[in-house]
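Trainee: Using only what follows, build the 3D model:
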Amino acid sequence: MGIFDSGVGGISVLRAIRMQMPEESVVYFADQGHIPYGPRPMGQIRNFSEAITNFLLEQDAKIVVVACNTASAAALKYLREKFPDVRFVGMEPAVKPAAEHTQTGKVGVLATPATFQGALYASVVERFANGAELFQATCTGLVQEIERGNLDGPETRRILNDALLPMLDKNIDTVVLGCTHYPFVIPLIQEIVGDAKRVRVIDPAPAVAKQTQRLLEAGGMKSRSSGRGNIQFYTSGDPESLRSLLPVLLGEHGVVKKTEWLNDHVIARSKPK
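Mentor: Model (predicted):
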């Protein structure tokens, strides 16, 4: 299967998929040359997403997981129309389970500007908020800190404090993680919110892994191997940087190959590193 994200955030989804389906082989594309996606125009993100999808299909991906909330918001509907024969799994902020389980009726949502501005988020809120009051924060700079491996450093803590403390003052009891990078800082979030029993943090990755498995099974595409599947990593950024983070974020080592963008629409052939 193919999985892509603007960077290492999608590894939180890859991690859940490895736990759910360790026998599946994966091609993972990190578009670190263009990170962050959040502030970029929707049209440009669609171009990136289409090119990456073509790249993954060239690697024989049997399903494509858009493991990026920003790319899902900007491009998921477009990708399904552009590639009608390909099964896609996307990300959407987990507003529905948050609204169903909140006791105070107040929910915090952490996501990028593009996610909040997208029609997908608006649709999810309209369908599933059920009267819950949503408090939003874009956590500017958090993606970049996580990309550097700063999961609990002072700047990461400052960003999360700025986002969460005003929400706690509003009596939220649930935090929705609307960016695949953010599950890597769940321990810090839980430290900031204090009593974890009072404030629930929703990581969407396990639900995405289950949906991926359902689609593979429905399409008769699930691997029948009894062994552990391989992972091939590609990045449009620095391969060594990604390689060094894999043990921390995924708990595995891996080979990372370098790719180059010729323009917003075309990815050059991979270069082994």
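Trainee: all contacts plus neighbour counts: C-alpha atoms, from now on.
Mentor: Will do.
Trainee: middle-most residue in the chain, spatially?
Mentor: Note on the chain: the residue nearest the mean C-alpha position is Thr180, at 2.8 Å, using C-alpha atoms, centre = their mean.
Trainee: Quick check: chain neighbours aside, which residue is closest to it?
Mentor: Gly9 (4.6 Å; C-alpha to C-alpha, 6 or more residues apart in numbering).
Trainee: Can I take it that the one you found is in a strand?
Mentor: No: if the criterion is DSSP: H, G, I helix; E, B strand; the rest coil, then Gly9 is coil and not within a strand.
Trainee: and it, how many neighbours?
Mentor: Using other C-alpha atoms under 10 Å, Gly9 has 24 other residues around it.
Trainee: Let me see the contact set for it.
Mentor: Contacts here follow C-alpha atoms under 8 Å, 6 or more residues apart in numbering; on that basis Gly9 touches Ala67, Cys68, Cys179, Thr180, His181, Tyr182.
Trainee: Going by neighbour count, which of those residues comes out on top?
Mentor: The residue in those with the most neighbours, by other C-alpha under 10 Å, is Ala67 (32 neighbours).
Trainee: Which residue, other than its chain neighbours, is closest to that residue?
Mentor: Nearest to Ala67 is Gly10, by C-alpha to C-alpha, 6+ apart, at 4.7 Å.
Trainee: from the contacts of Gly9, which single one is nearest Arg40?
Mentor: Closest to Arg40 out of those is Cys68 (13.6 Å), distances taken as C-alpha to C-alpha.
Trainee: Would you confirm that the closest one contacts Leu177?
Mentor: No: using C-alpha atoms under 8 Å, Cys68 is not in contact with Leu177, being 11.6 Å away.
Trainee: what are the ranges of the helices in the stretch 151-273 of the chain?
Mentor: Under the criterion DSSP state H, counting those that start in this stretch, the stretch 151-273 of the chain contains helices at 154-169, 186-193, 205-218, 239-249.
Trainee: Same list as before, those helices that is, but in a markdown table and with distance to Val266 included.
Mentor: Shown next, in a markdown table, are those (distance: least, C-alpha to C-alpha, whole Å):
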| stretch | distance to Val266 |
| --- | --- |
| helix 154-169 | 34 |
| helix 186-193 | 35 |
| helix 205-218 | 27 |
| helix 239-249 | 19 |
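Trainee: quick one: buried residues of the lowest-mean-pLDDT helix or strand in the chain?
Mentor: Ranked by mean pLDDT, DSSP states H and E, the weakest helix or strand in the chain is helix 113-117, scoring a mean of 86. Residues Pro113, Ala114, Thr115, Phe116 are the ones in helix 113-117 that count as buried (16 or more other C-alpha atoms under 10 Å).
Trainee: Can you name the residues that contact the closest residue in space to Val143 that isn't next to it in sequence?
Mentor: Nearest in space to Val143, with sequence neighbours left out and distances taken as C-alpha to C-alpha, 6+ apart, is His181 at 6.2 Å. Contact analysis of His181 by C-alpha under 8 Å, 6+ apart lists Val8, Gly9, Gly10, Ser12, Val143, Ile146.
Trainee: Now flag whichever of those residues is closest to Val199.
Mentor: Of all the contacts of His181, Val199 sits closest to Ser12, with 20.9 Å by C-alpha to C-alpha.
Trainee: What ranges does the stretch 1-150 of the chain have for its strands?
Mentor: 2-5, 26-30, 64-66, 88-89, 106-111, 133-137 (DSSP state E, counting those that start in this stretch).
Trainee: Can you lay out the ones you listed as TSV showing distance to Phe233?
Mentor: As requested, the strands of the stretch 1-150 of the chain are exported to TSV (distance: least, C-alpha to C-alpha, whole Å):
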stretch	distance to Phe233
strand 2-5	10
strand 26-30	5
strand 64-66	14
strand 88-89	19
strand 106-111	25
strand 133-137	31
